[in-house]
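[1] predicted coordinates and the sequence they were generated for:
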Amino acid sequence: MRLLLLAVLGACCLATCTVKAVGSEIPESSICVSLTTQRLPVSRIKTYTIKEGSVRAVIFITKRGLKICADPDARWVKSAVKSIKSKSNTRRSMIQTNPTGAQPSTHTAVTKS
């Protein structure tokens, strides 16, 4: 009797672990349920990502870390993406054009007259 009870209890534990593993898949963190129609100031946007799938969207990530989904075909969204892209390219080119060689010495020679 005890052996049967132990076997049933073991089977239940195994089933619980198996069901938990199957149902614990982590959904994607950037899923858009709805798209905003309100314009977002470009000065508040840090970066963006484009999502393809059942709901096409541009996900703007604000400087505060909020994720806002917008319609990629909207005129203001295209303008914002273009603006952010140009800022990113400008920063990248500034980093690449800075000299990486030897810096001029800040020490000056002092001579007595």
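    That came through fine. Numbers count the residues shown, from 1 in each chain.
[2] what about the helices in the chain?
    2-23, 75-97 (DSSP state H).
[3] weakest of these by average pLDDT?
    Mean pLDDT is lowest for helix 2-23 out of these, coming in at a mean of 57.
[4] how about the residue nearest to residue 46 when sequence neighbours are not counted, what does it touch?
    Once flanking residues are discounted, residue 46 sits nearest to residue 63: 4.8 Å by C-beta to C-beta, 6 or more residues apart in numbering. Any C-beta I mention is one placed from the backbone N, CA and C, and that applies to glycine too. Neighbour list for residue 63: 44, 45, 46 [criterion: C-beta atoms under 8 Å, 6 or more residues apart in numbering].
[5] how close does residue 31 get to residue 47?
    Distance of residue 31 to residue 47, computed by C-beta to C-beta, to the nearest Å: 18 Å.
[6] residue 85 too?
    10 Å.
[7] with residue 65 instead?
    11 Å.
[8] these two - which one has more neighbours?
    It is residue 47, of residue 65 and residue 47, that has more neighbours when counted by other C-beta atoms under 10 Å, with 12 against 7.
[9] not counting sequence-adjacent ones, nearest residue to that one?
    Counting by C-beta to C-beta, 6+ apart, the residue nearest residue 47 is residue 61, at 5.1 Å.
[10] my read: that neighbour touches residue 46, true?
    Yes. Taking C-beta atoms under 8 Å as the definition, residue 61 is a contact partner of residue 46 at 5.3 Å.
[11] if you count surrounding residues, which of these two has more?
    residue 61 (15 against 12).
[12] so what's the more buried one bridging to?
    residue 47, residue 67 (DSSP bridges).
[13] and it, what's its pLDDT?
    94.
[14] got the contact list for it?
    Residues in contact with residue 61 (C-beta under 8 Å, 6+ apart) are 45, 46, 47, 48, 49, 67, 68.
[15] hmm, try it at 7 Å
    Residue 61 sits next to 46, 47, 48, 67 when contact means C-beta atoms under 7 Å, 6 or more residues apart in numbering.
[16] nearest to residue 90, of these?
    Minimum distance to residue 90 across the contacts of residue 61 is 14.5 Å, recorded for residue 47 (C-beta to C-beta).
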